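[1] Test case, fold it:
(2 chains)
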Amino acid sequence: MLPNHEFSPLGDSGVIVKLGDVIDQTTHEKVVTFSEYLQKHPFPGMVEFVPGFTTVTVYYDPILLSDPSSDVIPYERVLAILKKMAEHLPESYAREARLVEIPVCYGGSFGPDLEVVAKHNGISSEEVITIHSSREYLVYMIGFAPGFPYLGGMDERLSTPRRSSPRLSIPMGSVGIGGSQTGIYSIESPGGWQIIGRTPQSLFQPDEHSPSLLRSGDKIRFHPISEGEYDERKKVSS
Amino acid sequence: MSIEVISPGLSTTVQDRGRYGYQQHGVNVGGAMDDLALQMANLLVGNRSTDAVLEITIKGPTLLFQKDMVIAICGGEFSPMIDDQPVLSNRPIWIKTGSVLKLGHAKHGCRAYLAVAGGVDVPLVMGSRSTNLRAGFGGFKGRVLKSGDTLGHHKQSPYSLFLAQHLKNQAGTSPYSHMNWFVSANSYSTTQEAVVRVIRGDQYDDFTEESRHSFFQQSFQVSPRSDRMGYRLTGPTLTLSSPNELISAAVTSGTIQVPPDGQPIILMADRQTIGGYPKIGYVASVDLSVVAQLRPGESVRFVEISLRDAQTALYERKILLKQIKLGMEMNVGWRGER
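    Numbers count the residues shown, from 1 in each chain, chains lettered A, B, ... in the order given. As a prediction, the model looks like this:
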């Protein structure tokens, strides 16, 4: 059951289902459960859904759901379906908890800002690596760019403000810290995060079945590797 | 191969109606900015509405046709010429092997859509032929067209072949011929300012009374920093009654978000999947084509529409397109399969 669920329109082709007010484990589990249910039980006219920190957004086709002989508009039709779903939702899905290891070559030319993060927090570069790679991080959602994970769980001892002026291009696979968040640039893009390393693992492939390596609800752990191992891994994957 | 790019224009890409089902992987929907023009161009040449076309922006390409072909140009007015003779938009055109089609600068609107019978043949990537420029996949090699590229097309529908024969007979020795009728469905505005219908957004009530008033009463100008991701507007500053830190969540095309500088941005086809700025409104889907045809420097004014009316208008457009298709087929004497 989903108490306090709220629904609001996202334009004329979407519904935002709000499942909580703060970013936490409880809300995240509701998001994963609702998403899993939609994945298994798509309704006619549903286009797709996107899990967020505290929301699941459902996109639908208003033309397909139009009935000119009725006063009920497509939005109301979808709302009725989603409310019914929310009532019949299981407590949670026994979903396989995936732990994904992300190899990272820290520092050097791959992590030009490792020193910046160390200095800002008054610790050594080695300590930054140890702290960053000793935790499990939760994938809240994928967005910003194809395959880009929004991660939770970074140690506050690594918090570092974003660069005052963003770089025009950050290479694919770069691992960075921005404020109290950490993340991985899944494609080459501009960005203002402090870059501490790079992974040879690709997070996005334009492929039907699993375009994104990670999905909402996964746990990840960073695993330090040498430059030699990086090159080796890169060769294998290309 | 059937079409050779002599010069590519400013930014010419392959687009269809978008890539759906992958937003949860962070993959933006993309697709034609002006969906109405895409649908119309496809309809005129006898394609399915989902077939891929060329989206042409601000300055058009020059293309050499290596095959007889039926084409149609819809959307913005780019003064198209075949072998240096002006041709007309919004109707089926038959073009002869060896002829050159040249589109100039946008005179009205911002984007033109060129459909070829059969649809542009590029691989389907994750269910779509649209070009994802940011991640570099889909469309033609994941990029804008360049000089020397050659494009093919898929098998033509029986109706396309019928149209081709009809127009070829009419052409005689001319390098092209076209129907003497046209469809009128342009989304660009020839008046002082475009009017766009907007549904109130989630945070509409969180803006000051003055901001809410300005939003629907004053006009906004399209900034030069506008592209397929978003239209940045300049105009009255929109302010929240009190600071409002929002948790990032999924957004949609047409979302009008207001960053801290108070100048709204309309999210368009290549928008990110997630956003965190307050949403003052959503452009009604039927009017996204109007926004897509705005050029930097042009003005736009927002008027309110209810969710009910926005959804009704979308359905009515679908009916209109169906009627145009039937009328067109009747006009050329097509009695074949539908």
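[2] Where does B:Leu36 fall, secondary structure wise?
    Per DSSP states H and E, B:Leu36 falls inside helix B:35-45.
[3] Compute the inter-axis angle for the next helix or strand after that helix and helix B:35-45.
    Next helix or strand after helix B:35-45 toward the C-terminus (DSSP H and E): strand B:53-57. Interaxial angle, strand B:53-57 versus helix B:35-45 (axes from the mean of the first three to the mean of the last three Cα atoms, to 10 degrees): 130 degrees.
[4] Which strands or helices does strand B:53-57 pack on?
    With contacts taken as 3 or more Cβ pairs under 8 Å, 6 or more residues apart in numbering or on different chains; DSSP states H and E, strand B:53-57 sits against strand B:13-15, helix B:35-45, strand B:108-116. For the C-beta atoms, the positions are set from N, CA and C on the backbone; glycine is no exception.
[5] Which helix or strand lies directly C-terminal to the helix or strand of chain A with the lowest mean pLDDT?
    The helix or strand of chain A with the lowest confidence, counting by mean pLDDT, DSSP states H and E, is strand A:189-191 at a mean of 87. Moving toward the C-terminus from strand A:189-191, the next helix or strand (DSSP H and E) is strand A:194-198.
[6] what mean pLDDT would you report for that next one?
    For strand A:194-198, mean pLDDT rounds to 98.
[7] Neighbouring strands of the helix or strand that comes right after it in the sheet, and parallel or not?
    Of the helices and strands lying after strand A:194-198 in sequence (DSSP H and E), the nearest is strand A:219-224. For strand A:219-224, the paired strands and their directions (DSSP bridges) are strand A:99-106 (parallel), strand A:137-142 (antiparallel).
[8] Touching the top helix by length along chain A from outside, list them.
    The residue-count maximum for a helix in chain A (DSSP state H) belongs to helix A:25-40. With contacts defined as Cβ atoms under 8 Å, 6 or more residues apart in numbering or on different chains, helix A:25-40 is touched by A:2, A:17, A:19-21, A:46, A:49, A:51-56, A:58, A:85-86, A:89-93, A:95, A:138, A:140-141, A:216-217, B:24.
[9] what do you get for stretch B:245-252?
    A:10-11, A:13-14, A:16, A:23, A:50, A:52-55, A:57, A:59, A:143, A:150, B:23, B:203, B:257, B:267, B:271-279, B:282.
[10] Mind checking which of the residues you listed are buried?
    A:10-11, A:13-14, A:16, A:50, A:52-55, A:57, A:59, A:143, A:150, B:23, B:203, B:257, B:267, B:271-275, B:277-279, B:282 (16 or more other Cβ atoms under 10 Å in any protein chain shown).
[11] now the helices for the chain?
    Let's take chain A. Counting by DSSP H, the helices of chain A are A:25-40, A:74-87, A:114-121, A:125-133, A:227-237.
[12] think we crossed wires, I meant chain B
    B:35-45, B:158-171, B:209-217, B:288-292, B:307-331.
[13] Make TSV out of those and add distance to chain A.
    Listed next are the helices of chain B as TSV, based on distance: least, Cβ to the nearest Cβ, whole Å:
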stretch	distance to chain A
helix B:35-45	12
helix B:158-171	23
helix B:209-217	16
helix B:288-292	10
helix B:307-331	4
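[14] Point out the most buried one among those helices.
    Highest mean neighbour count among the helices of chain B (mean count of other Cβ atoms under 10 Å in any protein chain shown): helix B:35-45, with a mean of 27.
[15] ok so, going back, redo the helices of chain A as JSON lines? Include mean pLDDT, distance to B:Arg19 and mean neighbour count.
    Listed next are the helices of chain A as JSON lines, based on pLDDT from 0 to 100; distance: least, Cβ to Cβ, whole Å; neighbours: other Cβ atoms under 10 Å in any protein chain shown:
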{"stretch": "helix A:25-40", "mean pLDDT": "92", "distance to B:Arg19": "18", "mean neighbour count": "18"}
{"stretch": "helix A:74-87", "mean pLDDT": "94", "distance to B:Arg19": "22", "mean neighbour count": "17"}
{"stretch": "helix A:114-121", "mean pLDDT": "97", "distance to B:Arg19": "36", "mean neighbour count": "18"}
{"stretch": "helix A:125-133", "mean pLDDT": "98", "distance to B:Arg19": "34", "mean neighbour count": "18"}
{"stretch": "helix A:227-237", "mean pLDDT": "90", "distance to B:Arg19": "24", "mean neighbour count": "13"}
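[16] Spit out the contact partners of the residue lying closest to A:Pro224 once chain neighbours are set aside.
    Distances taken as Cβ to Cβ, 6 or more residues apart in numbering or on different chains place A:Ser133 nearest to A:Pro224, at 5.2 Å, with adjacent residues excluded. By Cβ under 8 Å, 6+ apart, the residues touching A:Ser133 are A:104, A:106, A:221-224.
[17] Not counting stretch A:144-151 itself, show me its contacts.
    For stretch A:144-151, using Cβ under 8 Å, 6+ apart, the contacting residues are A:53, A:137-143, A:181-187, A:189, A:203-204, A:206, A:211-214, A:218, A:220, B:25-28, B:132, B:134-135, B:248, B:272-274.
[18] That should have said stretch B:3-14, apologies.
    With Cβ under 8 Å, 6+ apart as the criterion, stretch B:3-14 contacts B:52-67, B:69, B:100, B:103, B:116, B:120, B:122, B:129-131, B:133, B:138-140, B:143-153.
[19] how about the strands in the stretch 1-150 of chain B?
    B:3-7, B:13-15, B:53-57, B:62-65, B:69-77, B:81-82, B:85-86, B:93-95, B:100-102, B:108-116, B:120-121, B:150-153 (DSSP state E, counting those that start in this stretch).
[20] So which of these is nearest B:Pro296?
    strand B:108-116 (8.6 Å; Cβ to Cβ).
[21] Quickly run through the sheet partners of that closest one, with directions.
    In the sheet containing strand B:108-116, its partner strands are strand B:53-57 (antiparallel), strand B:69-77 (antiparallel), by DSSP bridges.
[22] Against chain A, how distant is B:Ser306?
    With distances taken as Cβ to the nearest Cβ, to the nearest Å, B:Ser306 is found 9 Å from chain A.
[23] Can you get me a residue count around the residue nearest to that residue when sequence neighbours are not counted?
    The shortest distance from B:Ser306 to any residue other than its chain neighbours is 7.2 Å, reached at B:Ile199 (Cβ to Cβ, 6+ apart). B:Ile199 has 24 neighbours, counted by other Cβ atoms under 10 Å in any protein chain shown.
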